[in-house]
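**Student:** Any chance you can model this:
(chains A and B, ligands or ions: 2)
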Amino acid sequence: MTNGAPARGRTMEAAPSSGDPLIDVREMTKVYGEGDTAVRALRGVSLRVQAGEFVAIMGPSGSGKSTFMHLLGCLDRPTSGSYRLAGQEVSRLSGDELAAVRNRRIGFVFQSFNLLARTTAQENVELPLLYAGVPRDMRVQRARALLRQVGLGDRLGHRPSELSGGQQQRVAIARALANGAPLLMADEPTGNLDSASSVEIMTFVRELNRSEGITVVLVTHDVSIAAWSKRVVTFRDGLIIDDRPSAEAVPPQVRDGVLGTAPAPEARP
Amino acid sequence: MSLVNLLRIAWQALRRNITRSILTMLGIIIGVGAVITSMAIGAGAQAAVLAQIESLGANLVVVIPGAISSGGVSLGTGSRTTLKLPDVDAIASTVPDVAGAAPYSQTSAQVVAGGMNWYTAIGGTTPSYTTVRSWSVAQGRFFTRAEVDQAAKVAVLGNTVQQNLFPEGGAVGSIVIVKNVPFRVIGVLAPKGQSGFGRDQDDIVMVPITTLLDRLTGQAWVQNIFVSAATPEAVPAVVDATERLLRLRHHLTAAQPDDFTIRNIADVQQVRLATSQTQALLLAGIAVVSLVVGGIGNMNIMLVSVTERTREIGLRMAVGARGRDILLQFLVEALTLACLGGLIGIAIGVGTAQGSSALGHWPVIVSPFSILLGFISSLLVGVVFGFYPAQRAAALDPIVALRYE
Ligand SMILES: Nc1ncnc2c1ncn2[C@@H]1O[C@H](COP(=O)(O)OP(=O)(O)OP(=O)(O)O)[C@@H](O)[C@H]1O
Ligand SMILES: [Mg+2]
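**Tutor:** Residues are numbered from 1 along each chain as shown, chains lettered A, B, ... in the order given. Ligands and ions are numbered 1, 2, ... in the order given. Alright, predicted model coming up:
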């Protein structure tokens, strides 16, 4: 963690009692559309993720990774199955209740950054705090601290168009962290970035996971990104077909390659 | 979500796209401006007609020479000469319920007094004119019957003429020269103000009718006869009796049409009043239509804006905005724009009304009511036409919105 960065306040959610998984998904299905045109994007997925884990989800295109992420991120509701988030069943909550869960317990990072255009980095980071009803001076303080933490302390007033892709994604991560959510979800966060920026982002994400105990679930097509994680879950045709430690899932030469591009995953304290 | 935060979000969103905000407001600005302007012009026209009725007197009947066909076209040029001075005396002495009758002819001329001169209207009449038009004298006196009979060279000045020829006062007793004829000023009329058409009624010099006809115009006939009925109810009877008397005096057979026209001022003015009311209504109707069109334009741009901002909406939802937060944000945006547009529209409407009044020389009245109405209707337009787009925004599914390209 960057030296001197203010400690992140765990205001919202205490970590679930030991042993209880943070994410507990059982027999989750998702069907888009109806009748002949129905698409069964998820066909019965079960997954448990403990607090503090760092999971990479891989799989071919159309295998249901994004669909699964949206359900985990409470952006959508499953067709059937259960989803307990930190012990709370969230699969049947109302739209407003889901909005509150998204606001307080989940930080979401998108492939395309999704920052508000013509809006400063600081205002972008303040957004979740605004919807959480945090008073203005606290919002400003927190947004500035977070931007300093992601190394953008000197870019507070910059708009997305004035920032590089890697910087924009760092603003997005700061925004995802704003409400002190214990869970960071990212759908191909490095998909739009070059390898240098990808390494920068992944270094930061791993740091969050290690020093702050933030649970990370990310989707990637890239084994070298998956190499940063501790566990790799593989999807195919709406089902989980493989789930193993990344040490086993990622070929050694890839891990070495990533190791070569300092900072290496396991080489840092 | 607190109101302050809502306003802040809306304000940030509006500031982020100034062009779109101005375009959205434009319809409301024009609509409200049209409401204010048209109401001001309509109210001004009505007030002018009412003031004219008041200044002419409701009991007034005017006789003019020549017949006027139903189409309003004067028949025969020679018919201008049919009214004579004895007709006036006959009306005054024989028609029942007549409070007074006065001839009136007018010409225009340069009036010179000392080093000053002033181009104005010269009216010729008799002392009855003061009763018939209920016009009093402020200084000195009006001319007498005897002075009319002698065709005396005396003049009574209107207030405007007095101010221009005698800025230092001292008009009464001075000599003014009109068409080389010296007149002694014997009085100054009380100010009467503008007529319903915006003409300055005080810009006049009154002289005995005989003097005017003999020395200034050389005419042997009079241009108008003003007859005042004793009561408003007597007006129709006075009109009938005057018509019969004049036909008799002009030796008209039953087959011949009138060689004069009698106008009941109250009736004419009632028609004018009704017309001006219709005009005001029409103007207001156009204004309402433009307000509605403005509102629809407003809604159109809001809808485009919702579509354009689909990803923004999705993102806001993803970080915790509820449907009602989005609904309120867009409603507050619409209301803020409507409010601003309304205020700008009011300013433009008042400015246009005053400007058109200055250019067109017609009276306008900007009432506080019309300003209130303009403001309230802009807010209404904001709510009514802002609601549907806001609801569409709020009903978006976060995933669909985030994926929107
Ligand atoms: N809103 C939707 N309506 C209908 N079908 C959908 C919708 N979203 C996804 N699908 C379908 O569900 C399946 C899974 O899609 P999903 O986006 O989860 O795949 P993915 O694993 O994320 O693929 P990629 O790696 O290309 O991002 C696909 O067949 C897709 O066409
Ligand atoms: Mg995907």
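**Student:** Only C-alpha atoms from now on, for both contacts and neighbour counts.
**Tutor:** Will do.
**Student:** interface residues of the stretch 1-150 of chain B facing ligand 1?
**Tutor:** Where proximity means CA under 6 Å from any ligand atom, the stretch 1-150 of chain B presents no interface facing ligand 1.
**Student:** Next one: the closest residue to ligand 1 within the stretch 1-150 of chain B from chain A, what distance?
**Tutor:** Here the stretch 1-150 of chain B gets closest to ligand 1 at one residue, residue B:13, 27.9 Å apart by CA to the nearest ligand atom. Using CA to the nearest CA, to the nearest Å, residue B:13 is found at 9 Å from chain A.
**Student:** Let's see the pLDDT reported for the closest residue to residue A:76 other than its chain neighbours.
**Tutor:** Of all residues not flanking residue A:76 in the chain, residue A:70 sits nearest, at 5.9 Å (CA to CA, 6 or more residues apart in numbering or on different chains). You'll see residue A:70 listed with a pLDDT of 95.
**Student:** can you check residue B:305 too?
**Tutor:** Predicted confidence (pLDDT) for residue B:305: 84.
**Student:** my read: the residue nearest to residue A:76 touches residue A:91, true?
**Tutor:** No. Between residue A:70 and residue A:91 there is no contact under CA atoms under 8 Å: 11.7 Å.
**Student:** before we move on, the earlier item: got the CA positions of the strand or helix carrying the residue nearest to residue A:76 in PDB?
**Tutor:** Using DSSP states H and E, residue A:70 sits within helix A:65-72. Coordinates of each C-alpha in helix A:65-72 appear next as PDB, following Å, rounded to 0.1, in the frame of the first residue of the first chain:
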ATOM      1  CA  LYS A  65     -19.000 -15.000 -17.200                       C
ATOM      2  CA  SER A  66     -20.400 -11.500 -17.500                       C
ATOM      3  CA  THR A  67     -23.900 -12.800 -16.700                       C
ATOM      4  CA  PHE A  68     -22.500 -14.400 -13.500                       C
ATOM      5  CA  MET A  69     -20.700 -11.200 -12.600                       C
ATOM      6  CA  HIS A  70     -23.800  -9.100 -13.000                       C
ATOM      7  CA  LEU A  71     -25.700 -11.500 -10.700                       C
ATOM      8  CA  LEU A  72     -22.800 -11.400  -8.100                       C
END
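**Student:** distance of residue B:162 from chain A?
**Tutor:** 68 Å.
**Student:** quick one, helices of the chain?
**Tutor:** Defaulting to chain A. Using DSSP state H, the helices of chain A run over residues A:65-72, A:95-105, A:121-131, A:136-149, A:165-177, A:195-212, A:223-226, A:246-249, A:252-260.
**Student:** Chain B, not that one
**Tutor:** Taking DSSP H, the helices of chain B run over residues B:3-16, B:18-56, B:85-94, B:128-132, B:145-150, B:159-165, B:209-211, B:235-249, B:265-308, B:310-318, B:323-360, B:368-394, B:398-403.
**Student:** So the last one, near chain A or not?
**Tutor:** Yes. Counting by CA under 8 Å from any CA of the partner chain, chain A has neighbours in helix B:398-403: B:398-399.
**Student:** quick one on the thing from earlier: the residue nearest to residue A:76: neighbouring residues, count only.
**Tutor:** 21 (other CA atoms under 10 Å in any protein chain shown).
**Student:** and what of the one 10 residues further on?
**Tutor:** Residue crowding around residue A:80 was assessed by other CA under 10 Å; the count is 17.
**Student:** Bridged to it, which residues?
**Tutor:** Per DSSP bridges, the residues bridged to residue A:80 are residue A:29.
**Student:** Contact partners for it?
**Tutor:** Residues in contact with residue A:80 (CA atoms under 8 Å, 6 or more residues apart in numbering or on different chains) are A:27-30.
**Student:** Spell out which parts of the stretch 251-400 of chain B neighbour chain A.
**Tutor:** Going by CA under 8 Å from any CA, the residues of the stretch 251-400 of chain B near chain A are B:311-312, B:315-323, B:398-399.
**Student:** Of the residues you listed - the most surrounded one?
**Tutor:** Most surrounded of those: other CA under 10 Å gives residue B:317, at 31 neighbours.
**Student:** any idea how far the residue nearest to that one when sequence neighbours are not counted lies from ligand 1?
**Tutor:** Leaving aside its sequence neighbours, residue B:317 sits nearest to residue B:398 (CA to CA, 6+ apart; 5.9 Å). As judged by CA to the nearest ligand atom, to the nearest Å, residue B:398 and ligand 1 stand 11 Å apart.
**Student:** shouldn't residue B:230 be in contact with residue B:61?
**Tutor:** No. Using CA under 8 Å, residue B:230 is not in contact with residue B:61; the gap is 11.2 Å.
**Student:** Can you list the buried residues in stretch B:376-395?
**Tutor:** By 16 or more other CA atoms under 10 Å in any protein chain shown, the buried positions in stretch B:376-395 come out as B:376-394.
**Student:** same question, stretch B:139-152
**Tutor:** With the criterion 16+ other CA under 10 Å, stretch B:139-152 contains buried residues B:141-143, B:147-148, B:151-152.
**Student:** Kindly report the same for stretch A:61-79.
**Tutor:** Those would be A:63-79, for stretch A:61-79 by 16+ other CA under 10 Å.
**Student:** Point to the residue nearest the middle of the chain.
**Tutor:** You didn't pick a chain, so chain A it is. The centre of chain A sits closest to residue A:185, judged by CA atoms, centre = their mean, with a distance of 1.8 Å.
**Student:** try again with chain B
**Tutor:** residue B:45 (2.5 Å).
**Student:** Could you tell me the model confidence score at that residue?
**Tutor:** 81.
**Student:** and if you look at the one 3 residues further on?
**Tutor:** We note a pLDDT of 78 for residue B:48 in this prediction.
**Student:** neighbours around the nearest residue to residue A:159 once chain neighbours are set aside, how many?
**Tutor:** Distance criterion CA to CA, 6+ apart; nearest residue to residue A:159, sequence neighbours excluded, is residue A:120 at 4.4 Å. Residue A:120 has 20 neighbouring residues, counting by other CA under 10 Å.
**Student:** ok now do residue B:182, which residues does it touch?
**Tutor:** By CA under 8 Å, 6+ apart, the neighbours of residue B:182 are B:153, B:175-176.
**Student:** The residue nearest to the centre of chain B is in contact with residue B:363, isn't it?
**Tutor:** Yes. Between residue B:45 and residue B:363 there is a contact under CA under 8 Å: 6.4 Å.
**Student:** what's the top strand by length along chain B packed up against?
**Tutor:** When chain B is parsed with DSSP state E, its longest strand is strand B:98-113. On a contact count with 3 or more CA pairs under 8 Å, 6 or more residues apart in numbering or on different chains; DSSP states H and E, strand B:98-113 meets helix B:85-94, strand B:116-125, helix B:128-132, strand B:175-178, helix B:209-211, strand B:224-229.
**Student:** can you do 7 Å?
**Tutor:** helix B:85-94, strand B:116-125, helix B:128-132, strand B:175-178, strand B:224-229 (3 or more CA pairs under 7 Å, 6 or more residues apart in numbering or on different chains; DSSP states H and E).
**Student:** same for the shortest one, what does it pack against?
**Tutor:** If I follow you right, that is strand B:175-178. Strand B:175-178 packs on strand B:98-113, strand B:181-189, going by 3+ CA pairs under 7 Å, 6+ apart.
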